[in-house]
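1. Kindly return the folded structure for what I paste below:
(chains A, B and C)
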Amino acid sequence: MKDSVLTMVSGAQSAGWTDERVETLKKLWMEGLSASQIAGELGEGVTRNAVIGKVHRLKLSARAKPTNSTPRARPAARPAPRRVASPSAGMSGMGGAAAKARPQMAASRPQSIGATALAHDPEMEQQLYVAPAAAELFIPEDKRLSLLQLNEHTCKWPIGDPLSKDFYFCGQHSLETGPYCEFHSRRAYHQVDKKRR
DNA sequence: CCCTGATTCGC
DNA sequence: GCGAATCAGG
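-> So this is what the prediction gives:
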């Protein structure tokens, strides 16, 4: 008799990779779904890291790479990423910053699908999102700021010709994470940086 | 900023 | 074997 009972008890879903899950993983991975998408499909207890890890262990990886392989620049050397150990370490006097809780994904599943748009899932097709075309931001005159009026909390996105007297800055409340307001922050970083060569 | 996969290494 | 943390690229 064999009584090999894995340590998956006590209501602890140790993300046991059952044959079934592995199959699903393989299938979705081969279909071109991203790791995070697969993770979301497998369940909430599965993260994209878990998926990627498993994929590598299974010796999977190359999927839609017929002849062209991306020369993953592998420096071979790693700066040995140390991991935080002492649980009672750190924790200095934090003013009010506090940690940003972001329980986003892993919960439901919708979430805008990233760039990976391959699989011909009928369900996904109807979820295609159409960007809200020209949703420009108009700043009323009384909200516009000159260079000297800027401070740490004003959006520093320039508008107009710097040489013109009509030049002004957005001036809306900027994010803690950057010099721009939410709107312009996305603009600044999300421009046409894709497909650059 | 968002995202992607790749890798390492403590558990 | 597993996956969080981290790295690296887009």
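2. By mean pLDDT, point me to the weakest helix or strand of chain A.
-> In chain A, the helix or strand scored least confidently by mean pLDDT, DSSP states H and E is helix A:122-125, which has a mean of 48.
3. And the longest helix anywhere in chain A, what does it pack against?
-> Criterion DSSP state H: the longest helix present in chain A is helix A:19-30. Under the contact criterion of 3 or more CB pairs under 8 Å, 6 or more residues apart in numbering; DSSP states H and E, helix A:19-30 touches helix A:35-42, helix A:48-57. Any C-beta I mention is one placed from the backbone N, CA and C, and that applies to glycine too.
4. Kindly reformat those helices as CSV containing distance to A:Ala188.
-> Converted to CSV, the helices and strands packed on helix A:19-30 look like this (distance: least, CB to CB, whole Å):
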stretch, distance to A:Ala188
helix A:35-42, 25
helix A:48-57, 26
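5. Could I get those helices in a markdown table, plus columns for distance to DNA strand C?
-> Putting these into a markdown table (distance: least, CB to the nearest atom of the strand, whole Å) gives the following:
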| stretch | distance to DNA strand C |
| --- | --- |
| helix A:35-42 | 9 |
| helix A:48-57 | 3 |
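6. deepest of these, which one?
-> By mean neighbour count, with neighbours taken as mean count of other CB atoms under 10 Å, helix A:35-42 ranks first of the helices and strands packed on helix A:19-30 at a mean of 21.
7. Report all helices and strands that it contacts.
-> Looks like helix A:35-42 contacts helix A:19-30, helix A:48-57 (3+ CB pairs under 8 Å, 6+ apart).
8. Low-confidence regions, chain A specifically.
-> A:1-15, A:63-137, A:189-197 (pLDDT under 70).
9. Which helix or strand contains A:Cys152?
-> Just so we're on the same page, residue A:152 is Glu rather than Cys. Using DSSP states H and E, A:Glu152 is not contained in any helix or strand.
10. Could you count how many residues lie near it?
-> 8 (other CB atoms under 10 Å).
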